[in-house]
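Asker: Next one to model:
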Amino acid sequence: MGIVNLTDDSFYFGSRVDTIDGALDKAAKMLAEGADIIDLGACSTAPGNEPVGEDVEWKRLKPVLKTLREAFPEAKLSIDTFRAEIVSRCFDAIGPFWVNDVSGGADEGMLPLVASLGLTYIATYSKDGYTSIKDAYDFFRDFSETAEENGIKDWILDPGIGFSKTLEQNYDILNNLDCLAGFMGRRLLVGVSRKSMIYKLLDISPEDALAPTQVVHYEALRKGADILRVHDVAAAIQTVKLYRMFS
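Answerer: The predicted structure follows:
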């Protein structure tokens, strides 16, 4: 899953684009390098950032959606949003896509809408109070019941690395990721690319975190990750190829 941020405040400068052509170029490059999914985000959820309003988020998304869909009709798209109204507007514009909701369904209209539209949903464990991997497991166990009640057929687990967790807690999740792998036959998505758990630990910047990110990607794959959400598709593809030679 390649990250395309239609923002001016996402934590990694290299992920940001501010024009339609910029978004198209970045998506084209990622797809050519082997990305299976393009994840569009128009509201940064990086720690410390104040989310932009719904109108601003839609203003950023609207001009890109149809152009991207027309340019790459076969590409699988994901929308990184926690707002049900944004999901509704995006569906009206381009039809089906994945919903990447880092809030885990905090918007009360989100899950019923996803179900009614028949969309794939990425459920993120981003709650406060993490103590052990059991907390994440319990969250997804409970979410599976909620998803069934709402009629959501296809959903993916995201343990929410980087959300409401300390550096040590992020590594605890990664070290115990195999406890979530294959949960009820669901796919497991991991997003660690250039995050603070890497660059703060090594006292470097996000811009210098490409190589160590691949080390963490390899470990995530070894522990059962099915999908990697990444800034650098070509490097991640190399990591996957090497991993498969040893697995």
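Asker: what's the pLDDT at the nearest residue to L111 once chain neighbours are set aside?
Answerer: Closest residue in space to L111, ignoring its immediate chain neighbours: N150 at 4.4 Å, by C-beta to C-beta, 6 or more residues apart in numbering. Yep, even glycine has a C-beta here, placed from its N, CA and C like the rest. As summarised for this prediction, N150 has a pLDDT of 96.
Asker: Distance of N150 relative to E108?
Answerer: Noted for N150: a distance of 11 Å to E108, by C-beta to C-beta, to the nearest Å.
Asker: Between these two, point out the one with more neighbours.
Answerer: Just comparing N150 and E108: by other C-beta atoms under 10 Å the higher neighbour count belongs to N150, 17 against 9.
Asker: who's in contact with the residue nearest to L111?
Answerer: N150 makes contact with 111-112, 114-115, according to C-beta atoms under 8 Å, 6 or more residues apart in numbering.
Asker: cutoff 7 Å now
Answerer: 111-112, 115 (C-beta atoms under 7 Å, 6 or more residues apart in numbering).
Asker: Equivalent analysis for A209, please.
Answerer: Remark: with contacts taken as C-beta under 7 Å, 6+ apart, A209 is in contact with 194, 198-199.
Asker: Let me have the residues you listed in a markdown table, extended by neighbour count and secondary structure.
Answerer: Conversion of these to a markdown table gives the following (neighbours: other C-beta atoms under 10 Å; DSSP: H, G, I helix; E, B strand; the rest coil):
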| residue | neighbour count | secondary structure |
| --- | --- | --- |
| R194 | 25 | coil |
| I198 | 23 | helix |
| Y199 | 19 | helix |
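Asker: hang on, the earlier thing: now the contacts of N150: which count as buried?
Answerer: 111, 115 (16 or more other C-beta atoms under 10 Å).
Asker: which among the contacts of N150 gets closest to E168?
Answerer: Proximity of the contacts of N150 to E168 was ranked by C-beta to C-beta; the top entry is L111 with 31.3 Å.
Asker: So that closest one is in contact with G105, correct?
Answerer: Yes: applying C-beta atoms under 7 Å, one finds L111 in contact with G105, separated by 5.0 Å.
Asker: With I152 as the reference, measure out to E145.
Answerer: From E145 over to I152 (counting by C-beta to C-beta), the distance is 11 Å.
Asker: Comparing these two, which shows the higher neighbour count?
Answerer: Relative neighbour count places I152 above the other of E145 and I152, with 23 against 9, counting by other C-beta under 10 Å.
Asker: now D101, nearest residue through space, not along the chain?
Answerer: Distance criterion C-beta to C-beta, 6+ apart; nearest residue to D101, sequence neighbours excluded, is F82 at 5.3 Å.
Asker: which residues touch that neighbour?
Answerer: Under the criterion of C-beta under 7 Å, 6+ apart, the neighbours of F82 are 101-103, 106-107.
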